[in-house]
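In: compute the structure for the input listed below.
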Amino acid sequence: QVQLLESGGGSVQAGGSLGLSCAASGPTASTYDMGWFRQAPGKEREFVAAIRWSGGSTKYADPVKGRFAISRDNAKNTVDLQMNSLKPEDTAVYYCAAGRSPWGLGSEEYFYDYWGQGTQVAVSS
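Out: Now for the predicted structure:
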């Protein structure tokens with residue numbers, strides 16, 4: 001069992017930066033791949049970024065490549081998402097997720113077993 005708690009959301013103007021953090025608890029939390037997803041109003045939840053349990057590989061959705069960076073600290077059981085050059089279309093509730101896949105990092109929701117409650121990010125133009 002893994003519990004996830006996101007923090008760091010807020011409001012920012014376009015072009016600004018925000019950092020999100022996800023604290024994972026549970027004895028096996030550091031053995032899970034971690035992902036960030038987001039859901040904008042009226043839209044389905046979509047993949048943003050993921051990082052392998054070892055931190056050895058990362059994966060990003062095309063809209064955020066070059067602007068967002070995912071990292072993790074297994075000693076602290078945290079996963080961070082640094083978001084730069086934010087755009088109004090990045091406005092969404094951001095969710096942290098934990099999962100395992102034998103085929104590498106997953107960008108689909110079904111790869112992830114545990115989810116946080118979400119944190120709101122609002123980007124104004």
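In: looking at it, Cys22 is touching Gly9, isn't it?
Out: No. Using Cβ atoms under 8 Å as the test, Cys22 is too far from Gly9 to be in contact (11.3 Å). All C-beta spots, glycine's among them, are computed from the backbone N, C-alpha and C.
In: who has more neighbours out of those two?
Out: Comparing Cys22 with Gly9 by neighbour count (other Cβ atoms under 10 Å), the higher total belongs to Cys22, at 26 against 18.
In: which helix or strand contains the more buried one?
Out: strand 18-25 (DSSP states H and E).
In: what are the pairing partners of that strand, and which direction each?
Out: Within its sheet, strand 18-25 is paired with strand 3-7 (antiparallel), strand 78-83 (antiparallel), according to DSSP bridges.
In: what's in contact with that strand?
Out: With contact meaning Cβ atoms under 8 Å, 6 or more residues apart in numbering, strand 18-25 is reached by 2-10, 12, 30, 32, 34, 36, 77-83, 86, 94, 96, 98, 116, 119, 121.
In: tell me the strands beside the following helix or strand past it, with direction?
Out: Per DSSP H and E, the first helix or strand lying C-terminal to strand 18-25 is strand 33-39. For strand 33-39, the paired strands and their directions (DSSP bridges) read strand 46-51 (antiparallel), strand 92-99 (antiparallel).
In: can you pull up the bridge partners for the residue nearest the centre of the chain?
Out: A centroid search over the chain (Cα atoms, centre = their mean) returns Trp36, at 2.1 Å, as the residue closest to the centre. In this structure, Trp36 bridges to Ala49, Cys96 when assessed by DSSP bridges.
In: can you check Ser11 too?
Out: Here Ser11, judged by DSSP bridges, has bridge partners Ala122.
In: can you tell me which residues contact the residue lying closest to Gly16 once chain neighbours are set aside?
Out: Nearest residue to Gly16 in three dimensions, chain neighbours excluded: Leu86, at 5.5 Å (Cβ to Cβ, 6 or more residues apart in numbering). By Cβ under 8 Å, 6+ apart, the residues touching Leu86 are 12, 14-18, 67, 121, 123.
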